[in-house]
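>>> Please work out how this folds:
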Amino acid sequence: MNDPESIFQRLDRLLARIEDTLPVRPQHADPAEYIALRWRKHGDTGYLQAINHPHTITLNELLNIEEQKQTLDRNTLQFVSGLPANNVLLTGARGTGKSSLIKALLNRYADRGLRMIEVDKLGLTDLPDIIEFIGQRPERFILYCDDLSFEADEPGYKALKVVLDGSISTASDNVLIYATSNRRHLIPEFMHENLATRHVDGEIHPGEATEEKISLSERFGLWLSFYPFDQEQYLEIVRHWLSQHGISRLSGPARQEALRWALARGSRNGRVARQFARDWAGQQKLVKTEPVRANKE
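Have a look, this model is predicted:
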């Protein structure tokens, strides 16, 4: 019969072998070393993953959204200065600079301690854990939620709502939420819900379903709306991005192709302008560096 000491030794060796087969638990990236991070899940545990190459866009590269830039810049400056500031919801037309504006402000204020944590929709249920983890750190954190939209009763919707303005505890003063969406109220609205709207003494009172959907967006202190660009605004952005690629003027052929490019995509916005500029500049440089091959093609 084996003695207890021998049994314990064998158990220790068995446990060591089991531990060797288990995946290594990821460690949190240090916000002191990285300005941009992403919330990731490993099983049931979340952790901060470093973003090694964050977007380098600047405010000067964002055109035709001056009012939105000024408002969000002021709010962010208040925040990094330790002054009262609001959570922000940026809504409107796609490709008009909502996400880029947030990233540009990170680049502007990173040296003053601003950090950004990207949280996708599935990670919203972990918001309380994220806030608790970073709440005592010296940096200032923007929790960045991009392209938000919800269906009814999604858990992330309720979690975000509670964190914004519904919990018995408050978020730390070193945390704000900046979210972008194509929908102002973040949840689809249906025609049949309007049937519950009541008129009382000349006033309109929305039904409970509509009120519930509006309640989330109302928890953001600032709303910034972004609108489609007209043709001249679009071409101005094309000129800017062409200049970034060393093309100093918008020639007639380039202008014509830029308009065709936008027509094919059904939109005139900053993203489309930048994509065209990259394609056009690449074509022009290809002709200069490999003229024979380019002409054959």
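
>>> now the strands: where do they sit in the protein?
All strands of the chain, identified by DSSP state E, fall at 36-42, 45-50, 88-92, 114-118, 140-145, 175-181, 198-200, 203-205, 222-226.

>>> avg pLDDT for the second one?
Averaged across strand 45-50, pLDDT comes to 86.

>>> Parallel or antiparallel, list what pairs with it.
Each strand paired with strand 45-50, and its direction, by DSSP bridges: strand 36-42 (antiparallel).

>>> So which bits of the strand it pairs with are buried?
Counting neighbours by 16 or more other C-beta atoms under 10 Å, one finds that the buried residues in strand 36-42 are 36, 37, 38, 39. Where you see a C-beta, it was placed from the backbone N, CA and C, and this is true even at glycine.

>>> how much space between the residue nearest the centre of the chain and residue 235?
Geometric centre of the chain, nearest residue: residue 146, 3.2 Å, by C-alpha atoms, centre = their mean. Here residue 146 is placed at a distance of 27 Å from residue 235 (C-beta to C-beta, to the nearest Å).

>>> Against residue 127, how distant is the residue nearest to residue 109 when sequence neighbours are not counted?
Nearest residue to residue 109 in three dimensions, chain neighbours excluded: residue 80, at 4.9 Å (C-beta to C-beta, 6 or more residues apart in numbering). According to C-beta to C-beta, residue 80 and residue 127 sit 21 Å apart.

>>> ok, now which ones touch residue 280?
Going by C-beta atoms under 8 Å, 6 or more residues apart in numbering, residue 280 touches 242, 247, 254, 257, 258.

>>> can you do 7 Å?
Contact analysis of residue 280 by C-beta atoms under 7 Å, 6 or more residues apart in numbering lists 242, 254, 257.

>>> what do you get for residue 177?
87, 143, 145, 164.

>>> Take those and lay them out in a markdown table including neighbour count.
Compiled in a markdown table, the contacts of residue 177 are given as follows (neighbours: other C-beta atoms under 10 Å):
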| residue | neighbour count |
| --- | --- |
| 87 | 21 |
| 143 | 24 |
| 145 | 23 |
| 164 | 21 |
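
>>> JSON lines for these, including pLDDT and distance to residue 54?
Putting the contacts of residue 177 into JSON lines (pLDDT from 0 to 100; distance: C-beta to C-beta, whole Å) gives the following:
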{"residue": "87", "pLDDT": "92", "distance to residue 54": "21"}
{"residue": "143", "pLDDT": "94", "distance to residue 54": "15"}
{"residue": "145", "pLDDT": "89", "distance to residue 54": "17"}
{"residue": "164", "pLDDT": "78", "distance to residue 54": "25"}
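
>>> Just the closest of the residues you listed to residue 47, please.
Using C-beta to C-beta, residue 143 is the member of the contacts of residue 177 that lies nearest residue 47, at 15.1 Å.

>>> re the thing from before, got the strands of the chain as a markdown table, with distance to residue 281 columns?
Output for the strands of the chain, formatted as a markdown table (distance: least, C-beta to C-beta, whole Å):
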| stretch | distance to residue 281 |
| --- | --- |
| strand 36-42 | 27 |
| strand 45-50 | 31 |
| strand 88-92 | 28 |
| strand 114-118 | 29 |
| strand 140-145 | 29 |
| strand 175-181 | 28 |
| strand 198-200 | 57 |
| strand 203-205 | 52 |
| strand 222-226 | 26 |
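
>>> so which of these gets nearest residue 69?
Counting by C-beta to C-beta, and looking across all of the strands of the chain, nearest comes strand 222-226 at 9.5 Å.

>>> these two touch, right, residue 123 and residue 47?
No - when contacts are counted by C-beta atoms under 7 Å, residue 123 is not listed as touching residue 47 (10.9 Å).

>>> Can you pick out the residue with more neighbours from the two?
Neighbours were counted for residue 123 and for residue 47 using other C-beta atoms under 10 Å; residue 123 has more, 21 against 16.

>>> Identify the residues contacting that one.
Contacts of residue 123 (C-beta under 7 Å, 6+ apart): 39, 41, 46.

>>> next one: residue 119
Neighbouring residues of residue 119 by C-beta under 7 Å, 6+ apart: 39, 130, 143, 144, 145.

>>> ends of stretch 104-113, how far apart?
End-to-end distance for stretch 104-113, by C-alpha to C-alpha, to the nearest Å: 15 Å.

>>> typed the wrong thing, it's stretch 86-103
OK, stretch 86-103 end separation, C-alpha to C-alpha: 17 Å.

>>> what's the burial count for residue 33?
Residue 33, neighbours per other C-beta under 10 Å, totals 8.
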